[in-house]
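Chemist: when you get a sec, could you give me coordinates for this:
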Amino acid sequence: MTGDTQADPNGVPQPAAREDNRRRRKPAILEIDGRRLKPATLMMGHGYDPALSEGSLKPPIFLTSTFAFESAAAGKRHFEGITGIRPGGSDGLVYSRFNGPNQEIAESRLALWDEAEAALIFSSGMSAIATTLLALVQPGDVIVHSAPLYAATEALIGRILGKFGVQWLDFPAGASEAEIGAVIERAKTLGRVALIFLESPANPTNVLVDVDAVVARRDFVFAGEDHVPPIAIDNTFLGPLWHRPIAHGADLVIYSLTKYAGGHSDLVAGGVLGRQQLITTIRMMRNTIGTILDPHSAWMLLRSLETLELRMSRAGENAARICAWLRDQPQVERIVYLGFPADDRQRDIYERHCTGAGSTFSLYLKGGEAESFAFLDALKIAKLAVSLGGTETLASHPAAMTHLSVPVERRKALGIDDNMVRISIGCEDADDLIADFAQALRAIGCAAA
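Modeler: Here you go, the predicted model:
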C-alpha cells in the first residue's frame, strides 16, 4: 500500500499529513444523476481506492498482525475507540484482532445489501452468533426464539448459556401473531428478555417466521419501557438477495457467510449487520474475544460478493425447475419449498417478506432412513455434504447429520424426520440435475427390493 505524498521546499517527497493510518478512501459514489446504485454494482469497488495500493485493481491481502501509528497521540486516540472510552470505534488501524483493511472493505460492502447502518464479519457463522449472544445477554436473562434453529445455535442457547442461568422459550417458526405474543409475554414474567432470536426460514424445515408479527408483538409488550429486546434474525437461507429483514423491523441480521455470500465452499465466515448502537456493543465483544475474520478469508469474501447476485439468481431459477419436477415423482411424499407454500399462513408471510423462494429446500421421501440413505448414496452430480449456498448442489440427511445432537423427541416435534433430505441447489445445468435426481430416486426402489 502506498500513501499520498507531498514535496518539501527542497523538492524531497514527504508523507502527506493524515488523520490516521487507515487506508484513505475517495468519497463513496452511491448514486449517479440521482440514481441510487445497486449493490451488485457497488460490489466491484465500494470502499477501496486503487491509488493507495500501487494502482492494484483489487485490494491486496494485508497479512500483518499490527499497524504503525503516525504518533503516540494517534495511537492513544485509536485505543480510545477500541476500548470504548470514545464511542464510535477506532478511527484508525490498530491490530488485526480488532480491524484491518480487508475486513473493513468487506464490512462496508456487506452492509449495502441489507441497507444496514454497520456490519461486522467473523471467523464463522457460529462465532457471529456466539459473539452477539455474549454481547447482549447477561446471566439470568431470558431468550425468546423461533424453532427450530440450527442445532449448534440451539445448543449454544440451551446448553452453554444455560450454565449461566439463561432461560429460553420458543415458538414454532410458522406461529401466528397471537401465539408469538403469548410466548413473549410469558418470557417477560421469567426475567429480563434480552433478545428475540429468529431463523427464517427455519433450518432444516424451511418454514418461514412472520417477522412483521414478531416486531408488532415485541413493540406492544414492551411499549414505554426502557429496555426493549432487540430482534436478531439468522437470514442465511435467503439473504441478502431474497429477504431483507431490516426493512421489516429486525434490529440485527446474522449470516453464515460461508453459504451464499461466500458461495464457493472454500471459506468459513460469519456476519452481523444492523443498528450502529448494537453493532458497537458487539464489536467490543469481538475485540475482546478475537472472533474477527482473518484477512485472507475477508479478501476471498470480497471476491465472492462480486458475483453474489448472479450465483443466487441462477441457483434460484434451477431450484424452481427442479422442485416442480420433484413434487410429481412417486417416491416423493412432499417438498417444503417456499415456492409451494404449505398453507395460507406461509403464503401470506412469503408474499410479504420474500422476493424469491431460494434454492435450499426439504425433501421428504416415502419411507425412512434406509430410503433416504439409498437416495443420497446414489447421487452422482450432487455432493453428499452438509452446508448450502455453494455453486455446487449439496444434499444431506439432517436427522443423522446436522441435527443428530437434537433429542429424538424434539426432532420429531419439529418435523426433522428420518425421511427428510435437505437439498441446496447450485449453478449446474438444471436438466443434468434432474437426470441425477431421477436415477437416485430409482435407487430407492432397488434398495427396498
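
Chemist: how far away is residue 283 from residue 90?
Modeler: From residue 283 across to residue 90, the span is 9 Å (CB to CB, to the nearest Å). From N, CA and C alone the C-beta is placed, and that goes for glycine too.

Chemist: the two: who's more crowded?
Modeler: When residue 283 and residue 90 are compared for neighbours, residue 283 comes out ahead with 24 against 21, by other CB atoms under 10 Å.

Chemist: mind checking which helix or strand residue 182 is in?
Modeler: helix 177-190 (DSSP states H and E).

Chemist: what does that helix rub up against?
Modeler: With contact meaning CB atoms under 8 Å, 6 or more residues apart in numbering, helix 177-190 is reached by 142, 144, 167, 169-172, 175, 193, 196, 210, 213-214, 216-218, 220-222.

Chemist: beyond that helix, next helix or strand please.
Modeler: strand 193-199.

Chemist: now the closest residue to residue 88 other than its chain neighbours: which helix or strand?
Modeler: Spatial nearest neighbour of residue 88, chain neighbours left out: residue 81 (6.3 Å); criterion: CB to CB, 6 or more residues apart in numbering. Using DSSP H and E, the element containing residue 81 is helix 72-83.

Chemist: identify the residues contacting that helix?
Modeler: Outside helix 72-83, the residues that reach it (CB under 8 Å, 6+ apart) are 20-21, 69, 85-86, 88-94, 98, 287.

Chemist: who are the packing partners of whichever helix or strand comes after it?
Modeler: Counting by DSSP H and E, the next helix or strand C-terminal to helix 72-83 is helix 101-114. Counting contacts by 3 or more CB pairs under 8 Å, 6 or more residues apart in numbering; DSSP states H and E, helix 101-114 packs against helix 39-42, strand 118-122, strand 270-274, helix 295-305.

Chemist: how about the ones you listed in TSV, adding mean pLDDT and distance to residue 243?
Modeler: Listed next are the helices and strands packed on helix 101-114 as TSV, based on pLDDT from 0 to 100; distance: least, CB to CB, whole Å:
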stretch	mean pLDDT	distance to residue 243
helix 39-42	94	14
strand 118-122	97	16
strand 270-274	98	13
helix 295-305	98	17
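
Chemist: for residue 340, find the nearest of these.
Modeler: Go through these one by one with CB to CB and the one that ends up closest to residue 340 is helix 39-42, at 27.9 Å.

Chemist: okay, angle between the helix holding residue 182 and strand 193-199 too, please.
Modeler: Orientation of helix 177-190 against strand 193-199 (axes from the mean of the first three to the mean of the last three CA atoms, to 10 degrees) gives an angle of 150 degrees.

Chemist: contacts only, for the nearest residue in space to residue 228 that is not next to it in sequence.
Modeler: Closest residue to residue 228 apart from its sequence neighbours, by CB to CB, 6+ apart: residue 222 at 4.5 Å. Neighbouring residues of residue 222 by CB under 8 Å, 6+ apart: 188, 193, 228, 229.

Chemist: of all these, which two lie farthest apart?
Modeler: The span of those, defined through CB to CB, is set by 188 and 228 at 11.4 Å.

Chemist: check contacts around residue 219.
Modeler: Applying CB under 8 Å, 6+ apart to residue 219 gives the contacts residue 228.

Chemist: right, I mislabeled it, should have said residue 239
Modeler: 113, 114, 245, 253, 255, 260.

Chemist: look at the spatially most central residue of the chain and report its pLDDT.
Modeler: By CA atoms, centre = their mean, the chain has its centre lying nearest to residue 255, at 0.9 Å. Listed pLDDT for residue 255 reads 98.
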